[in-house]
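**Student:** Just a sequence and a predicted model for now, questions to come.
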Amino acid sequence: MATSVGVIAKKVFSLALVFNSLISFACVAGILFGFYQIYPNWKPYAPYLLDGNLFWIVLAAAIINIFPSASIGRALHTGRFLFHHYVYGFFVLLTSSFFVIAFTSVSLFSLFFIDSNSVEINAARVFVLAGLTLLLDDLPDVSKKIESFLNAIKLKAFQIRRTLHALQLITGFITLYSTIAIILWTIQTGERAAPNTILSGTLLFSSFTSFALVKRKAWLKIRLLEPTSNVFV
């Protein structure tokens, strides 16, 4: 029983890492959209952040963290409860998408590209990302074609695993620097305290995740099960 609880706890931890990476991605994508499309002369978090373009590196950190974070959970044997996880993921995505269309004033496409303190909009964002987390965790089981496509991507990742390992460390440091810049700017100006606290919290967690995965050599440990197979563990 203790083993089962430990396995489930590790699975939940893996999902939490993926969820945080998606939150980081969504938050930074919104900042970059504002930086390029809405406020072209905006210098986010200046003078502490040297250049808003650094958020592209933070975005890369979130992407690089997703696969090794998901791999932690996929290596476990938790069994299935009624359905595959992707069924729950699709359900959460569909219901949250319907909620956005029916009960909010924003379009589904612009959900993560607007600045809003609306409880409904922010709740919808959380549920959309939660659905994506469950879907990504179980994505290879959706269909054989998707599994083959993902295995092809993993093969490419295997071929550049040392580069990805180095990038994970570099992007982790840039994410940590950006987090500190956001915190210092918020303390100095006193503006947007609540959203910046959430943003800095998720980016801080993302940077620590990068460092932990580098220490575990997560990308370097990707290996082929068979010489002629594209299946990874």
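**Tutor:** Alright, I've got the coordinates.
**Student:** so what secondary structure elements neighbour the stretch of helix or strand C27 belongs to?
**Tutor:** Taking DSSP states H and E as the criterion, C27 maps to helix 2-33. In terms of contacts (3 or more CB pairs under 8 Å, 6 or more residues apart in numbering; DSSP states H and E), helix 2-33 is packed against helix 55-74, helix 119-137, helix 193-215. (Glycine included, C-beta is placed from N, CA and C.)
**Student:** which residue sits closest to L93, ignoring its sequence neighbours?
**Tutor:** If the residues on either side of it in the chain are set aside, L93 comes closest to G131, at 3.6 Å by CB to CB, 6 or more residues apart in numbering.
**Student:** gap between F99 and I121?
**Tutor:** Distance, F99 to I121, using CB to CB, to the nearest Å: 10 Å.
**Student:** Once you drop chain neighbours, what's closest to I146?
**Tutor:** Spatial nearest neighbour of I146, chain neighbours left out: L139 (6.2 Å); criterion: CB to CB, 6+ apart.
**Student:** got the contact list for that neighbour?
**Tutor:** By CB atoms under 8 Å, 6 or more residues apart in numbering, L139 lies in contact with 86, 146, 150.
**Student:** Could you find the closest non-adjacent residue to the first one?
**Tutor:** With sequence-adjacent residues excluded and distances taken as CB to CB, 6+ apart, Y86 is closest to D138, at 4.1 Å.
**Student:** so how many other residues sit close to the one you found?
**Tutor:** 21 (other CB atoms under 10 Å).
**Student:** Give the residue spans of the protein that score low on pLDDT.
**Tutor:** By pLDDT under 70, the weakly predicted segments of the chain are 1-3, 74-84, 223-233.
**Student:** Surely I222 touches A157?
**Tutor:** Yes. The pair I222 / A157 is scored as a contact, 6.4 Å apart, by CB atoms under 8 Å.
**Student:** So those two - more neighbours on which side?
**Tutor:** Neighbours around I222 and A157, counted as other CB under 10 Å, are more numerous at I222. The numbers are 20 against 17.
**Student:** What separation do you get for the more buried one and F67?
**Tutor:** Counting by CB to CB, the gap from I222 to F67 is 9 Å.
**Student:** My guess is R125 contacts F25. True?
**Tutor:** No. If you go by CB under 8 Å, R125 and F25 don't touch, sitting 11.8 Å apart.
**Student:** so what's the closest residue to L32 other than its chain neighbours up against?
**Tutor:** Excluding its sequence neighbours, the residue lying closest to L32 (CB to CB, 6+ apart) is F55, at 5.4 Å. Applying CB under 8 Å, 6+ apart, we find F55 in contact with 28, 31-32, 35, 44, 178.
**Student:** Out of the residues you listed, give me the one that has the most neighbours.
**Tutor:** S178 (29 neighbours).
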